[in-house]
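**Student:** fold the following.
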Amino acid sequence: MGFERVKGGYGSYRDNPVLSVYSTGTLRFNSVAAREWFDDVDSVTFYVDEEAKRLGIARGDGDYTVRRQDNCVGIEVYGMQALKALGVDPDELESSVRLELEHDPQEGLLVADAAPLLKEVSGGGR
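**Tutor:** Next comes the predicted model:
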């Protein structure tokens, strides 16, 4: 069997809001999330739902400063405390973990299912 070309790209991550979690404690919202939810926001607030294993993000008036860089797409937040509140030690991550984001109008938050993140860290989180 011969070689077949594999096209580059990030698939749905280009079309859907995504939060990437890094071992440094940095949380990076992709360009879709930045454009749709955080375009005019200087800070965010994190909420943790331990029972449902979800991370909630509220826009503005928050404890976490949003960082933008001219040469990067998307925005970053240093979210070490939010991760620890979720039961995640970022040092245990071997690679970045991507979490899809959805708006929860009932809660008024942007929400990420943290199960993939908890599964990635040793011990399975809390």
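
**Student:** going forward, measure contacts and count neighbours with C-alpha atoms only.
**Tutor:** OK.

**Student:** what's near enough to touch D63?
**Tutor:** 43-45 (Cα atoms under 8 Å, 6 or more residues apart in numbering).

**Student:** again with V97
**Tutor:** 20-22, 116-117, 120.

**Student:** buried residues, the lowest-mean-pLDDT helix or strand in the chain. List them.
**Tutor:** Least confident helix or strand, the chain: helix 31-37 with a mean of 90, by mean pLDDT, DSSP states H and E. Burial within helix 31-37, assessed by neighbour count using 16 or more other Cα atoms under 10 Å, is assigned to 31-34, 37.

**Student:** do the same with stretch 89-107
**Tutor:** Of the residues in stretch 89-107, 89-90, 93, 96-102 count as buried by neighbour count, 16+ other Cα under 10 Å.

**Student:** low pLDDT regions in the chain?
**Tutor:** Confidence mapping of the chain against pLDDT under 70 gives the ranges 1, 7-14, 71-72, 122-126.

**Student:** please enumerate the strands of it.
**Tutor:** 18-21, 26-29, 43-49, 54-59, 64-65, 75-78, 97-104, 109-113 (DSSP state E).

**Student:** out of the ones you listed, nearest to F3?
**Tutor:** Closest to F3 of the strands of the chain, according to Cα to Cα: strand 97-104, at 29.2 Å.

**Student:** against E92, how distant is K119?
**Tutor:** 11 Å (Cα to Cα, to the nearest Å).

**Student:** give the residues shared as contacts by the two.
**Tutor:** By Cα under 8 Å, 6+ apart, no residue touches both K119 and E92.

**Student:** can you pull up the most central residue in the protein?
**Tutor:** When Cα atoms, centre = their mean is applied to the chain, the residue found nearest the centroid is L19 (2.3 Å).

**Student:** list the contacts of that residue.
**Tutor:** Counted by Cα under 8 Å, 6+ apart, L19 has contacts 27-30, 33, 98-101, 112.

**Student:** for the residue nearest to it when sequence neighbours are not counted, give the beta-bridge partners.
**Tutor:** The shortest distance from L19 to any non-neighbouring residue, by Cα to Cα, 6 or more residues apart in numbering, is to F29 (4.6 Å). Beta-bridge pairing of F29 under DSSP bridges involves L19, I75.
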